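Trainee: the following block contains a protein sequence and its predicted model.
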Amino acid sequence: MTAGEPVFSHYTRHGMFSFLKRARWLLLCLAIASPALAYQLLPGEPNKTGTAAPSSADPLGRDTPSGTLYGFLQAAQAGNYSTAAQYLQLSSARRQTQGEDLAKKLKVVIDRAFTGDLRRISNQPDGTPQDGVPLDRQRVGTLTAGDVEADLTLVRVPDGNTRIWLISSDTLTRLSDLYDQAAVHQVEAHLPHALVSNSFLGLQLWQWLAILVAVPIAAGLGWLALQVLRLPWYLWARYRKHEVAAAWNSFVRPLWLVLGVLAHGVLVSYLRIPVLQRHRYQQVAGVVAVIGFNWLLWRILRAVLNNVRQRAVLAGRMGTGSLMILGERMLKAAIVILAIFSVMGTLGFNLSTPLAGLGIGGIAIAFAAQKTLENLFGGVSILGDEVIRIGDTCRFGDRVGTVEDISLRSTRIRTPDRTELSIPNGSLATMNVENLSRRDKLLFTTRLGLRCETSSDQMRYVLVQVRRLLYEQPKVQTQGARTRFVAFDASALTMEIFCYILTRDDVEFQAIREDLLLRIMDIVDSAGTSLAFPSQTVYLGRDLGIDKQKAEEAAQEVQKWRDEHQLPFPDFAPTDISEISNSLPYPQPGSVVGRKPQTS
């Protein structure tokens with residue numbers, strides 16, 4: 001509690017936190033119990049098509065197999081056995097005398113011995129073709145009681161001007177044996193009369209009590225299953241020394257919900273609740289299980305992608321990290337859509353129409369947002385390939401700039417003029433991009449023009465000394481460095497210098513280039529010549545011409561190389577290159593950059 005904070009406010013907030021912490025487990029139990037509490041709220045038939053159903057010519061809805069079975073169960077559940085007898089294939093006389101009794105027994109047998117899925121029963125007037133079953137019959141499930149087993153089949157018979165579906169007489173012939181076996185195993189015979197005789201929403205009181213008691217039992221079984229799963233998880237994470245062990249806490253709640261719902265469904269299956277209530281329970285339990293599974297999938301996806309993104313960032317792959325964020329958002333959206341369609345399928349809706357509409361809508365959106373999608377996929381390809389990164393200096397066509405941001409739609413570039421250039425990712429993905437920041441060395445090349453009065457020995461002297469300079473400079477790559485006399489131009493004798501500077505920093509490159517150019521000027525001057533001007537010059541004064549003394553000295557030096565067979569043309573001898581390589585002091589003596597720090 002901070003100073004000056006009211007005591008009442010502190011304890012109120014502490015109590016609120018404690019209440020919320022306890023409420024988490026209450027909400028979990030309610031989620032597990034929600035199928036038992038809410039399944040009666042689901043209306044209608046188990047086969048939902050999502051389209052308007054055709055009008056029924058039969059007042060009892062016996063035009064389709066699902067309408068017949070569902071109508072019989074509703075009438076029998078309401079206690080209207082005379083109406084329920086109208087769904088049985090009986091003669092008029094037998095329906096009058098035995099119809100209600102047979103309907104009552106069949107309701108008991110179906111509730112206790114039916115095995116099948118009401119959602120798979122055909123909702124079409126002609127039924128659904130089945131292997132080994134005539135076209136006028138439908139096998140909708142199996143009735144199993146003790147050692148007696150029979151198929152629950154429907155038969156299509158004429159009724160005036162229409163054809164209706166009825167529960168077949170073949171099934172009714174086995175009804176007596178099935179009922180005797182089902183009655184033998186009745187739990188109600190051993191329960192208090194009050195719990196059996198009273199019912200609520202189609203379930204007897206003892207069944208409601210059993211469903212509610214199963215909630216904490218299912219939660220406990222789910223918790224035990226979590227503890228069993230926790231041990232190998234931690235052992236594996238400890239063996240691999242993996243950080244995902246910390247993610248277990250985020251998986252606990254959704255996994256507990258899924259395991260609890262599954263355990264509750266297994267417990268409820270032993271209660272043999274009526275078919276309609278069982279079907280609705282399974283629908284709601286399935287919805288809760290789908291929600292829990294997608295919740296768990298969401299948490300797993302988040303943990304895995306966070307781990308991968310952190311590894312990519314630590315490895316310097318920032319583009320991959322950004323791409324993982326985009327992928328996480330897209331996968332989460334896909335999980336939500338999958339959960340919605342899974343819930344609709346669990347509730348019995350026909351998904352063919354929504355999926356077709358989704359496909360057509362997706363095509364329409366793709367055509368309408370063609371440029372947007374082009375830029376989106378362009379951004380994905382740029383981030384995935386890591387052709388450029390934030391901070392890289394690149395040439396985009398005829399523009400040069402530094403990458404400041406790569407978004408899903410465009411890439412923003414800061415130009416040397418300090419303006420911001422935005423390039424759509426779709427165009428950038430098809431553009432030739434030259435990444436200047438990824439050069440391992442920088443190219444230095446220039447062409448020098450000496451005066452036409454320069455003699456051949458003077459040219460040889462300049463070529464040799466410049467070549468020596470490149471070999472001596474420690475920041476110049478010796479391999480591939482060259483200086484050549486290349487052309488007689490109109491007003492100059494042209495020589496070309498080509499080499500690579502061993503640096504990636506542009507500022508350092510400019511300093512090294514400046515040093516080389518200055519030293520080349522000294523070499524040209526020491527040879528007794530000068531650089532040519534690319535223009536015609538009218539001399540009004542006396543032309544001093546070439547320095548004869550320096551020219552003579554340069555000629556003597558070249559003659560000395562020639563006499564000693566050391567003339568370095570077309571190049572220096574390999575032993576000479578190895579001897580003079582990187583021998584030139586750089587920076588020059590006296591430079592403030594090359595000054596050694598003073599030691600005390």
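Mentor: On my side now, so go ahead.

Trainee: going by C-alpha atoms from here, please, whenever you check contacts or count neighbours.
Mentor: Noted.

Trainee: could you pull out the helices in the stretch 1-150 of the chain for me?
Mentor: Using DSSP state H, counting those that start in this stretch, the helices assigned to the stretch 1-150 of the chain run over residues 7-38, 65-77, 81-84, 92-113.

Trainee: which one of those helices has the lowest average pLDDT?
Mentor: When the helices of the stretch 1-150 of the chain are compared by mean pLDDT, helix 7-38 comes last with a mean of 42.

Trainee: which helices and strands does the helix or strand in which residue 254 is found pack with?
Mentor: Taking DSSP states H and E as the definition, residue 254 sits inside helix 248-269. Other helices and strands packing on helix 248-269, by 3 or more CA pairs under 8 Å, 6 or more residues apart in numbering; DSSP states H and E, are helix 7-38, helix 205-240, helix 275-314.

Trainee: flag every buried residue along stretch 160-180.
Mentor: 163-169, 171-172, 175, 177-179 (16 or more other CA atoms under 10 Å).

Trainee: ok, of the helices and strands packed on helix 248-269, where does mean pLDDT dip lowest?
Mentor: Across the helices and strands packed on helix 248-269, helix 7-38 has the smallest mean pLDDT, namely a mean of 42.

Trainee: kindly format the C-alpha coordinates of stretch 395-406 as CSV.
Mentor: Provided in CSV are the C-alpha atoms of stretch 395-406 (Å, rounded to 0.1, in the frame of the first residue of the first chain):
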residue,chain,number,x,y,z
ARG,A,395,19.6,2.0,-55.5
PHE,A,396,16.0,1.7,-56.8
GLY,A,397,16.1,2.3,-60.5
ASP,A,398,17.7,5.8,-60.8
ARG,A,399,17.1,6.7,-57.2
VAL,A,400,19.3,6.1,-54.2
GLY,A,401,18.2,6.2,-50.6
THR,A,402,18.2,4.5,-47.2
VAL,A,403,15.4,2.1,-46.2
GLU,A,404,13.5,3.5,-43.2
ASP,A,405,10.4,1.3,-43.0
ILE,A,406,9.0,-1.8,-44.8
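
Trainee: buried residues in it?
Mentor: Residues 396, 400-404, 406 are the ones in stretch 395-406 that count as buried (16+ other CA under 10 Å).

Trainee: returning to what we had before: from the buried residues of stretch 160-180, which land in helices?
Mentor: Using DSSP state H, the members of these that fall within helices are 169, 171-172, 175, 177-179.

Trainee: what lies in contact with the helix holding residue 254?
Mentor: For helix 248-269, the external contacting residues (CA atoms under 8 Å, 6 or more residues apart in numbering) are 28, 31-32, 211, 214-215, 217-223, 225-226, 230, 282, 285, 288-289, 292-293, 295-296, 299-300.

Trainee: each with direction, which strands does the lengthiest strand in the chain pair with?
Mentor: Identified as the longest strand of the chain according to DSSP state E is strand 148-159. Partners of strand 148-159 in the sheet, by DSSP bridges, are strand 137-145 (antiparallel), strand 162-167 (antiparallel).

Trainee: reformat these as a markdown table; add distance to residue 590 and mean pLDDT.
Mentor: Below are the strands paired with strand 148-159 laid out as a markdown table (distance: least, CA to CA, whole Å; pLDDT from 0 to 100):
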| stretch | distance to residue 590 | mean pLDDT |
| --- | --- | --- |
| strand 137-145 | 101 | 83 |
| strand 162-167 | 109 | 86 |
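
Trainee: is it possible to get CSV of those strands that adds distance to residue 582?
Mentor: Listed next are these as CSV, based on distance: least, CA to CA, whole Å:
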stretch, distance to residue 582
strand 137-145, 92
strand 162-167, 101
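
Trainee: what's the closest of the ones you listed to residue 68?
Mentor: Nearest to residue 68 among the strands paired with strand 148-159 is strand 162-167; the distance by CA to CA comes to 6.2 Å.

Trainee: and that closest one with helix 65-77, angle?
Mentor: When axes from the mean of the first three to the mean of the last three CA atoms, to 10 degrees is applied, the directions of strand 162-167 and helix 65-77 differ by 60 degrees.

Trainee: what residues does strand 162-167 touch?
Mentor: By CA under 8 Å, 6+ apart, the list of residues contacting strand 162-167 from outside reads 57-58, 62-65, 68-69, 87-89, 152-158.
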